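[1] pasting a predicted model and its sequence here:
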Amino acid sequence: MTYLPRSVSSTHRDRFVAMLSHREPDRVPIAFGGPSCAIHAEAHRRLLAHLGYDGGDSARVIDRILQIVEPDTRLWARFDVDVVWLIPDEGPVVWSPDGESYVDELGREFRRGGGFFNQVGSPLCRGTRDELAAYRFPDLQSDRRAAGLADRAQRLYAAGYGLAADGPWGLYEYCSTLRGPSEFFVDLALNRDYAEALAERVLEEHLMPYYSLMLAAVGPYVQMVGISDDYGSQTGLLFAPALFRQVFKPRLRRLVEHIRRLADVRIYIHSDGAVADLIPDFIEIGIDGLNPVQYTARGMEAERLKREFGRDFGFFGGGIDNEVLSYGSVEDVRRDARKQIRALAPGGGYLYATIHNIPPEAPPENVVAFFDTCLEYGVYPIQ
């Protein structure tokens, strides 16, 4: 059965604002196209073909590494999407002659593989103080990555959409990829001064300038800003909570305070994995919600998180796990999505989306079933 957008008096933004304020709108708001809830270029092409839409090869790539694209606006209408993302263009890269690898503006090298681009080289591989002192972050004011973003924000705001702005990679993620993942873990254990010096430069010379540039363009129009950092694996945190609180939490607090000086918004953090133990820390430093609810990870059961933190802390994503979306049946998708709506939606504070970006192998009929489930079962009061 096809579920068409409902005729309601609420605008998309009304739903989003109600959700952010922990009130129940007419329906659970839907997000599609932002951090951890976008769609791979191949899945996007097949979804458009499945729905009888043409033009599947012309979508704008919003993340070169993950090969995710901005959804076609016809999909916004088909799935009654409420929240649209404002994402600056990525910086310039230097491609190899064969087009299979590139070096980005940060000096990281990536090579194509498995439908994505995988990192194969780091610019701070020696890990010396001299190397770090000589390293230069890109001048964000020198290119046009935010060109046209303000005009786009104005148009979407006038159309009644809820708007969210997505920032770059996070503090730990940048440190890890600039230095090398295993090397940075060793630095945290054995060379803490170097690790903190790198983290400080990432914060002051890249993250804060990026948010300043982005929010200068879209700050008056957005209701939510996303920050990112992956702190969890499927079974636990990547490092001890004490280390997070010593190295990352104080700098994360400064980033949150910086964003609040720039715009009147709710701030959500993206972190995959089993990060329930850090939610009290997120709340303490002023973060308003978490993306996603990776309910297959240890301690991330949606019912428990909603019960313990849901009164004032919001949840975005967690509607379906990628294993189910890619390899389950349509009914599997509908069953799991209904379960997540029942767990997370009551009382408001829940933005419906996938746990991760829709992968290339996801059957289009499963993607349609995922969104239609919210249109059917996400109506308040939740049954």
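    That came through, no problem.
[2] what strands flank the lowest-mean-pLDDT helix or strand in the chain, and is each parallel or antiparallel?
    Using mean pLDDT, DSSP states H and E, strand 61-63 stands out as the lowest-scoring helix or strand of the chain, at a mean of 93. Partners of strand 61-63 in the sheet, by DSSP bridges, are strand 68-69 (antiparallel).
[3] what separates the partner strand from the chain centre, distance-wise?
    12 Å (CA atoms, centre = their mean, to the nearest Å).
[4] now the very next helix or strand once past it: buried residues?
    Per DSSP states H and E, strand 68-69 leads on to helix 73-78 as the next helix or strand towards the C-terminus. For helix 73-78, the neighbour count (16 or more other CB atoms under 10 Å) marks Leu75, Trp76, Arg78 as buried. Where C-beta positions appear, they are placed from N, C-alpha and C, glycine not excepted.
[5] for the least confident helix or strand of the chain, buried residues please.
    So strand 61-63, judged by 16+ other CB under 10 Å, has buried residues Ile62, Asp63.
[6] low pLDDT regions in the stretch 251-383 of the chain?
    Judged against pLDDT under 70, the stretch 251-383 of the chain has no low-scoring part.
[7] strands of that one, residue ranges please.
    266-270, 289-291, 314-316, 350-351 (DSSP state E, counting those that start in this stretch).
[8] what's the most buried one of the ones you listed?
    Sort those by mean neighbour count, taking mean count of other CB atoms under 10 Å, and strand 350-351 sits at the top with a mean of 31.
[9] for that strand, which strands pair with it and how are they oriented?
    strand 314-316 (parallel).
[10] can you tell me what sits against the strand it pairs with?
    Contact partners of strand 314-316, identified using CB atoms under 8 Å, 6 or more residues apart in numbering, comprise 19-20, 22, 31, 37, 266, 268, 288-293, 302, 305-306, 344, 349-351, 353.
[11] redo the strands of the stretch 251-383 of the chain as CSV? Include distance to Ser228.
    Shown next, in CSV, are the strands of the stretch 251-383 of the chain (distance: least, CB to CB, whole Å):
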stretch, distance to Ser228
strand 266-270, 4
strand 289-291, 9
strand 314-316, 12
strand 350-351, 16
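[12] so which of those gets nearest Arg112?
    strand 266-270 (24.5 Å; CB to CB).
[13] report all helices and strands that that closest one contacts.
    With contacts taken as 3 or more CB pairs under 8 Å, 6 or more residues apart in numbering; DSSP states H and E, strand 266-270 sits against strand 224-228, helix 249-262, strand 289-291, strand 314-316.
[14] can you give me the end-to-end distance of stretch 216-229?
    Using CA to CA, to the nearest Å, the end-to-end distance of stretch 216-229 comes to 23 Å.
[15] now it: buried residues?
    Ala217, Val218, Gly219, Tyr221, Val222, Gln223, Met224, Val225, Gly226, Ile227, Ser228, Asp229.
[16] contacts only, for the second one.
    The contact partners of Val218, taken as CB under 8 Å, 6+ apart, are Leu86, Leu149, Ala150, Ala153, Leu163, Ala165.
[17] how about the strands in the stretch 101-250 of the chain?
    Using DSSP E, counting those that start in this stretch, strands in the stretch 101-250 of the chain cover 101-104, 109-113, 116-121, 162-166, 224-228.
[18] dump these to TSV, plus distance to Ala337 and mean pLDDT.
    As requested, the strands of the stretch 101-250 of the chain are exported to TSV (distance: least, CB to CB, whole Å; pLDDT from 0 to 100):
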stretch	distance to Ala337	mean pLDDT
strand 101-104	36	98
strand 109-113	31	97
strand 116-121	25	97
strand 162-166	20	97
strand 224-228	22	96
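[19] how about those strands, which one is nearest Arg46?
    Per CB to CB, nearest to Arg46 of the strands of the stretch 101-250 of the chain: strand 116-121, 16.9 Å.
[20] can I assume Glu90 sits in a strand?
    No. Under DSSP: H, G, I helix; E, B strand; the rest coil, Glu90 falls outside any strand and is assigned coil.
[21] pull the CA atoms of stretch 348-355 into CSV?
    C-alpha atoms of stretch 348-355 as CSV (Å, rounded to 0.1, in the frame of the first residue of the first chain):
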residue,chain,number,x,y,z
GLY,A,348,8.0,14.0,21.5
GLY,A,349,11.8,14.4,21.2
TYR,A,350,12.2,11.9,18.4
LEU,A,351,13.3,12.6,14.8
TYR,A,352,12.7,9.6,12.6
ALA,A,353,15.5,8.4,10.4
THR,A,354,17.7,5.4,9.6
ILE,A,355,20.5,4.5,12.0
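[22] from the contacts of Val218, which is closest to Asp130?
    Ala165 (36.5 Å).
[23] could you check the distance from the residue nearest to Lys339 when sequence neighbours are not counted over to Phe309?
    In this structure, Lys339 finds its nearest non-sequential neighbour in Ala302, 7.9 Å apart by CB to CB, 6 or more residues apart in numbering. Distance of Ala302 to Phe309, computed by CB to CB, to the nearest Å: 11 Å.
[24] Gln294 reaches Ile320, doesn't it?
    No. Using CB atoms under 8 Å as the test, Gln294 is too far from Ile320 to be in contact (11.1 Å).
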